[in-house]
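Here you go, sequence then predicted model.
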Amino acid sequence: MSGNIVGDKINTLCIDKKISKEELAERSGLTTGQIELIQKKDTVPSLSPLIKIARALGVRLGTFLDDSDELGPVVHRQSRVEQAATFSSQLSIANSHLDFFSLAGSKTGRHMEPFVIDIKPAPTHMPILSSHEGEEFIFVIRGVVKINYGKETHILQTGDSIYYDSIVDHLVSAANGSPAQIVAVVYTPI
């Protein structure tokens, strides 16, 4: 998935709803410059600004990630090869260490976003936490994962899970300098 696809969907929704980028920025709490970057950039912004834009446009987060219009159940086969969506954090490359593989991209009308996420070790820098409305559930498939949640830090081993309110500043990263893999389910209210 490229950022241009997300940007194109945002542009189309703005045109359909007759919302200028300045109005979208005001409604979402982002700057006009951030909106322009999202509309033009080749990387997908982090979930936090996408969720804010979705709320401002009155659509669900999945609108930006949908592949097709499947109303019934969606089966995702392990053998299905998909291109990862690499999210950047807060419109910078500081936290560009998460490759998202959607497990329900073709399911329309969904309220949850399930992903398999490959977590690469992040470069040494000050982590940038983000927040958004909703909830998240994370299950560690392999490796060790560090969850910064508000002022707390949680270290999760293979088989561990965490469920938290996304409104609290948080960051998911690989611990111990080694890659990890998780299943994450993100819920955002419309």
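That came through fine.

State the next helix or strand along the chain beyond the helix or strand bottoming out on mean pLDDT in the chain.
In the chain, the helix or strand scored least confidently by mean pLDDT, DSSP states H and E is strand 85-88, which has a mean of 54. Next along the chain after strand 85-88, taking DSSP states H and E as the criterion, comes strand 98-102.

just the CA coordinates of that next one, formatted as PDB?
Below are the C-alpha coordinates for strand 98-102, written out as PDB (Å, rounded to 0.1, in the frame of the first residue of the first chain):
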ATOM      1  CA  LEU A  98       6.400  -1.200  11.700                       C
ATOM      2  CA  ASP A  99       5.300  -3.200   8.600                       C
ATOM      3  CA  PHE A 100       1.600  -3.800   8.700                       C
ATOM      4  CA  PHE A 101      -0.100  -6.700   6.800                       C
ATOM      5  CA  SER A 102      -3.900  -6.200   6.800                       C
END
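
Tell me which other helices or strands it touches.
Secondary-structure packing of strand 98-102 (3 or more CB pairs under 8 Å, 6 or more residues apart in numbering; DSSP states H and E): strand 85-88, strand 112-119. For glycine as for every other residue, the C-beta is placed from the backbone atoms N, C-alpha and C.

relative to strand 112-119, how tilted is it?
140 degrees (axes from the mean of the first three to the mean of the last three CA atoms, to 10 degrees).

low-confidence ranges in the chain?
1-4, 41-45, 65-72, 76-77, 79-96, 123-127, 190 (pLDDT under 70).

Tell me the helices and strands packed up against the top helix by length along it.
In the chain, taking DSSP state H as the definition, the longest helix is helix 3-17. Counting contacts by 3+ CB pairs under 8 Å, 6+ apart, helix 3-17 is packed against helix 21-28, helix 32-40, strand 44-45, helix 47-57.

do you know which of those lies nearest residue 182?
Checking the helices and strands packed on helix 3-17 against residue 182 by CB to CB gives helix 47-57 as the closest, at 14.0 Å.

which one of the helices and strands packed on helix 3-17 is the most hemmed in?
Mean neighbours per residue, mean count of other CB atoms under 10 Å, is largest over the helices and strands packed on helix 3-17 for strand 44-45, with a mean of 25.

Next one: the most centrally placed residue in the chain relative to residue 16, how far apart?
Closest to where the C-alpha atoms of the chain average out (CA atoms, centre = their mean) is residue 47, at 3.2 Å. Computed as CB to CB, to the nearest Å, the residue 47 to residue 16 distance reads 23 Å.

again with residue 128
Counting by CB to CB, the gap from residue 128 to residue 16 is 32 Å.

can you check residue 110 too?
21 Å.

same deal with residue 25?
18 Å.

circling back: was I right to think the residue nearest to the centre of the chain contacts residue 61?
Yes. If you go by CB atoms under 8 Å, residue 47 and residue 61 touch, sitting 7.4 Å apart.

Quick check: neighbours shared by these two?
residue 186 (CB atoms under 8 Å, 6 or more residues apart in numbering).
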